[in-house]
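Visitor: Predicted model, plus sequence, below.
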Amino acid sequence: MGKGADTVISLVHNYFELHSLGEKSLIIHADNCSGQNKNNAMIQYLAWRVMTKKHERIRYSFMVPGHTKFSPDGFFGLIKLKYRKSEVDDLEDLVKVVETSTKGSNIAQTIFDVNGEKKVSFNCWTEYLKNIFKPLPYILNYHHFIFDKDYPGFVHAKKQNDDNEFVSIDLIKNHDIDMGQLFLNEKIPMGLSAERQWYLYEHIRQYVQNLEKRDKYCSYPNVPKPRTKNK
């Protein structure tokens, strides 16, 4: 669960940091994938957001199995339709596909902006959160969760939407813990090995249709220059 949850939480966190409108209350819907959405790390992250006053109230609900298709899937479908009819040789082309697939609804968010400034980071959220919170028992049995500023560190959970009452569960491991003393580590990608880079150069580069882009990546730092083959 760790690696997948770290990635999903990082993406969710970056979305709020970059695209939030200052809202105080959230309603989030997700499917029942335990590796990405319905897991202790995500529940703990949402509790953390309320505890740190980034939001005042969050409702996190899971859709009924078999009925998990909704509007975001349609927007992904529009990207696929545009992609099939487009020439994509690099990241810049892919961004263009996303941006032109709709009239302002699909917006591409790259890790680095056009000036090379890093906008998106990935962090070791699972490791960080487990120092603050306890696991939620029988998490897969619940489908609706509420986090509220008046009950910091608690999650209110229920199994079905028509259940009369929520069950309140204290997630805090140690109420005396100082979150300001905990450090959130960044996940540093290892990057491509030299062997993989040579494979891309020697076997994939030829399929780049735009001749001006075939050697574009060779100007990046730490990328070896084309080698000369022995005759």
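Guide: Perfect, I can see it now.
Visitor: roughly how far apart are residue 60 and residue 176?
Guide: Relative to residue 176, residue 60 is positioned 27 Å away (criterion: CB to CB, to the nearest Å). C-betas here are computed from N, CA, C, even on glycine.
Visitor: how about the helices in the chain?
Guide: In the chain, the helices defined using DSSP state H lie at 2-19, 40-51, 71-84, 91-100, 125-129, 194-199.
Visitor: With mean neighbour count, mean pLDDT and distance to residue 141 added, can I get those in CSV?
Guide: Formatted as CSV, the helices of the chain follow (neighbours: other CB atoms under 10 Å; pLDDT from 0 to 100; distance: least, CB to CB, whole Å):
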stretch, mean neighbour count, mean pLDDT, distance to residue 141
helix 2-19, 16, 89, 19
helix 40-51, 22, 96, 13
helix 71-84, 12, 90, 26
helix 91-100, 15, 95, 37
helix 125-129, 21, 96, 21
helix 194-199, 12, 90, 43
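Visitor: Can you lay out the ones you listed as JSON lines showing distance to residue 144?
Guide: JSON lines is the format used below for these (distance: least, CB to CB, whole Å):
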{"stretch": "helix 2-19", "distance to residue 144": "18"}
{"stretch": "helix 40-51", "distance to residue 144": "12"}
{"stretch": "helix 71-84", "distance to residue 144": "20"}
{"stretch": "helix 91-100", "distance to residue 144": "32"}
{"stretch": "helix 125-129", "distance to residue 144": "21"}
{"stretch": "helix 194-199", "distance to residue 144": "44"}
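Visitor: between those helices, which one is nearest to residue 138?
Guide: helix 40-51 (11.3 Å; CB to CB).
Visitor: Give me the contact list for that closest one.
Guide: Taking contacts as CB atoms under 8 Å, 6 or more residues apart in numbering, the residues outside helix 40-51 that touch it are 1-2, 5-6, 8-9, 12-13, 16, 28, 36, 55-58, 60, 125-126, 129-130, 132-133, 135-136, 139, 145, 147-149, 152-155, 171, 179.
Visitor: Show the contacting residues for residue 130.
Guide: By CB under 8 Å, 6+ apart, the contact set of residue 130 is 41, 44.
Visitor: Identify whichever of the helices of the chain lies nearest to residue 166.
Guide: helix 40-51 (13.8 Å).
Visitor: one step back: and residue 209, which of the helices of the chain is closest to it?
Guide: Nearest of the helices of the chain (CB to CB): helix 91-100, 9.9 Å.
Visitor: What is the closest one packed up against?
Guide: When contacts are defined as 3 or more CB pairs under 8 Å, 6 or more residues apart in numbering; DSSP states H and E, helix 91-100 sits against helix 71-84.
Visitor: The helix it packs on packs against which elements?
Guide: Contacts defined by 3+ CB pairs under 8 Å, 6+ apart place helix 71-84 against helix 91-100.
Visitor: Could you list the low-pLDDT ranges of the chain?
Guide: For the chain, applying pLDDT under 70 flags the ranges 1-3, 34-35, 65-69, 217-231.
Visitor: show me where this structure has strands.
Guide: Secondary structure of the chain (DSSP state E): strands at 25-30, 57-62, 144-148, 154-158, 167-170.
Visitor: and of those, who's closest to residue 80?
Guide: strand 25-30 (21.4 Å).
Visitor: List the strands paired with that closest one, with their directions.
Guide: Within its sheet, strand 25-30 is paired with strand 57-62 (parallel), according to DSSP bridges.
Visitor: Just the CA atoms of the strand it pairs with, as CSV, please.
Guide: Presented in CSV, the C-alpha positions along strand 57-62 are these (Å, rounded to 0.1, in the frame of the first residue of the first chain):
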residue,chain,number,x,y,z
ARG,A,57,-14.9,19.8,7.0
ILE,A,58,-14.3,16.9,4.6
ARG,A,59,-16.8,14.2,3.5
TYR,A,60,-15.2,11.3,1.8
SER,A,61,-17.6,8.8,0.2
PHE,A,62,-17.2,5.7,-1.9
